[in-house]
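Enquirer: Kindly generate the corresponding structure for this input.
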Amino acid sequence: MKYAIVTGGSRGIGSAICKKLAQETNYHILINYQSNKEAALATLKEVEEIGGKAEIIQFNVADHKQVNEVLTQWQEKNPTAIVEVIVNNAGITRDGLFMWMPQQDWNDVINTSLNGFYNVTNFFIQKLLRNKYGRIINMVSVSGVKGTPGQTNYSAAKGALVAATKALAQEVAKRNITVNAVAPGFIKTDMTSDLDEKELKKLVPANRFGEAEEVAELVNFLASKKAGYITGEIININGGIYS
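Expert: Numbering: from 1, shown residues only. Below you'll find the predicted structure:
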C-alpha cells in the first residue's frame, strides 16, 4: 500500500492538499494533526466522501521523540506500507516586531516549521532512498523568500526551509526523489482570517487572495510522476505579489 503523509493536514491548505491527493491519486492519505481532532476527522470524512482512503495520525511535528514513537508504531502496525509522498505543511505564526519578540515565540515557530521538517522527513528518508522513489514537498511562504516585517521568526523558519529544500534535493536526486518547496502568498485560510483582505488585496497584482485549492493543485502536480525532473525548486504561488 502506498501512502502520502500531510503534516498539519486537518485544516486550511493542509486539508485542501489531503482532499486533492485523495481525488487525483491512489495514495492512502495520512492526515497528521496536533490537537484539533474534530477538524482532522472532518477532513477524513471529506476524503472518504470523494472515494479516497485515509486515516488520521496525531503528533506534534516539533516533538522529535513523539514523532519517532508515533511513526514507528504506525510503521509496525502497517509493515507493508510505503510512504512515497511527504508534504511538510505544519506551521504556526507568532507575529510581532522582533524587538519585542519573546524567545518562546521565536522557538515555537522555528521548532514547528523547521525542526518539524527534520523530524518527519528524517524518519522516512532512508526508506525513500531504499525504495528509490519519493516526493518531498515543503510548504514555505512568500515570507521565507522575500521576508515580511512583523514575521522575523516565521521568515527565518521558512527561509531556512528554502535552503534545506535546495540542499536535500541535491543529495537525493540520483535516487529518483524530488524535493521542492511551495511558497504561497495571501491564501484564504484560518491563518489569514484576521488580515484585512480588502486592503491587502490591493498589494496583489491579481487583486485577490488565493484559494487553498489552488495551492493544493500545485502540490498535487509536484507529488505526481509527471514532475520527476523538477527538483530543488521554490515555486511561488501568490498572484504576482513577489514577481
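
Enquirer: okay, CA-based contacts and neighbour counts for the rest of this
Expert: Fine.

Enquirer: And the longest helix anywhere in the chain, what does it pack against?
Expert: Longest helix in the chain, counting residues (DSSP state H): helix 152-172. Judged by 3 or more CA pairs under 8 Å, 6 or more residues apart in numbering; DSSP states H and E, the packing partners of helix 152-172 are helix 103-110, helix 142-145, strand 177-184.

Enquirer: Tell me the backbone dihedrals of the residue nearest to the spatial centre of the chain, please.
Expert: Against the mean C-alpha coordinate of the chain, by CA atoms, centre = their mean, the closest residue is residue 89 at 1.8 Å. Residue 89 adopts backbone torsions of phi -110, psi -20, taken as degrees, to the nearest 10.

Enquirer: Touching, it and residue 11? I think so.
Expert: No - using CA atoms under 8 Å, residue 89 is not in contact with residue 11; the gap is 10.4 Å.

Enquirer: now residue 121: how far from residue 136?
Expert: Distance, residue 121 to residue 136, by CA to CA, to the nearest Å: 8 Å.

Enquirer: cool, and residue 44?
Expert: 22 Å.

Enquirer: Of those two, which one has the most company?
Expert: More crowded of residue 44 and residue 136, by other CA atoms under 10 Å: residue 136, with 27 against 24.

Enquirer: Point me to the helix or strand that includes the more buried one.
Expert: Applying DSSP states H and E as the criterion places residue 136 in strand 134-139.

Enquirer: now the angle between helix 152-172 and that strand, please.
Expert: The directions of strand 134-139 and helix 152-172 differ by 160 degrees, with axes from the mean of the first three to the mean of the last three CA atoms, to 10 degrees as the criterion.

Enquirer: From the contact counts, what lies against strand 134-139?
Expert: Against strand 134-139 (3+ CA pairs under 8 Å, 6+ apart) you get strand 82-88, helix 116-131, strand 177-184, helix 212-222.

Enquirer: Residue 70: which of these is closest?
Expert: helix 116-131 (10.7 Å; CA to CA).

Enquirer: what does the closest one rub up against?
Expert: 61-64, 67-68, 71, 83-84, 86, 88, 90, 134, 136, 138, 161, 172, 175, 177 (CA atoms under 8 Å, 6 or more residues apart in numbering).

Enquirer: Just the buried residues of those residues.
Expert: Among those, those classed as buried by neighbour count (16 or more other CA atoms under 10 Å) are 61-62, 64, 67-68, 71, 83-84, 86, 88, 90, 134, 136, 138, 161, 172, 177.

Enquirer: Helix or strand with the lowest mean pLDDT in this structure?
Expert: When each helix and strand of the chain is scored by mean pLDDT, DSSP states H and E, helix 197-200 comes last, with a mean of 84.
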